[in-house]
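Asker: I need the structure of the sequence given here:
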Amino acid sequence: GGRLVEAAVVRAAALGAERMFLEVAEGNAAARALYARSGFVEMGRRRGYYSHTDGRREDALTLVLNFSG
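Answerer: Residues are numbered from 1 along each chain as shown. Sure thing, here's the model as predicted:
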């Protein structure tokens, strides 16, 4: 997982991107930790974005990685 995220970050920066965005389920602790290690920070939330089969709703967190400053 980490190598794939790193490759995507390196490629986006090489192509001149200023930032990358992604969304992750709030309860996905492993993915959130992976993205945090890669430098992504929370910048927003979509309340109740994900629907679970048991009827629960879960927020999506929007993360960003800025390449410049």
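
Asker: drop to CA atoms for contacts and neighbour counts, all remaining ones
Answerer: Noted.

Asker: can you list contacts of the lowest-mean-pLDDT helix or strand in the chain?
Answerer: Least confident helix or strand of the chain, by mean pLDDT, DSSP states H and E, is helix 2-14 with a mean of 94. The contact list for helix 2-14 (C-alpha atoms under 8 Å, 6 or more residues apart in numbering) reads 19-20, 34-35, 38, 67.

Asker: change it to 10 Å
Answerer: 15, 17-20, 31, 34-35, 37-39, 65-68 (C-alpha atoms under 10 Å, 6 or more residues apart in numbering).

Asker: Which positions in it come out as buried?
Answerer: Residues of helix 2-14 classed as buried by neighbour count (16 or more other C-alpha atoms under 10 Å): 9, 13.

Asker: Distance from the chain centre to it, please.
Answerer: Here the centre of helix 2-14 is set off from its chain's centre by 13 Å, with C-alpha atoms, centre = their mean, to the nearest Å.

Asker: just the buried members of the contacts of helix 2-14?
Answerer: Applying 16+ other C-alpha under 10 Å to these, the neighbour count classes 35, 65 as buried.

Asker: Greatest separation within the contacts of helix 2-14: which pair is it?
Answerer: Comparing all pairs in these by C-alpha to C-alpha, the longest separation belongs to L15 and A31, at 24.8 Å.

Asker: so what's S51 up against?
Answerer: 57-59.

Asker: For L61, see how far away it is.
Answerer: 14 Å (C-alpha to C-alpha, to the nearest Å).

Asker: ok, S68 - contacts?
Answerer: Per C-alpha under 10 Å, 6+ apart, neighbours of S68: 13, 17-19.

Asker: moving C-terminal of the least confident helix or strand of the chain, what's the next helix or strand?
Answerer: Under the assignment DSSP states H and E, the closest C-terminal helix or strand after helix 2-14 is strand 19-25.

Asker: what helices or strands is the next helix or strand after that following strand leaning on?
Answerer: Following strand 19-25 in sequence order, the next helix or strand is helix 29-37 (DSSP H and E). If you count contacts as 3 or more C-alpha pairs under 10 Å, 6 or more residues apart in numbering; DSSP states H and E, helix 29-37 packs onto helix 2-14, strand 19-25, strand 41-51, strand 57-66.
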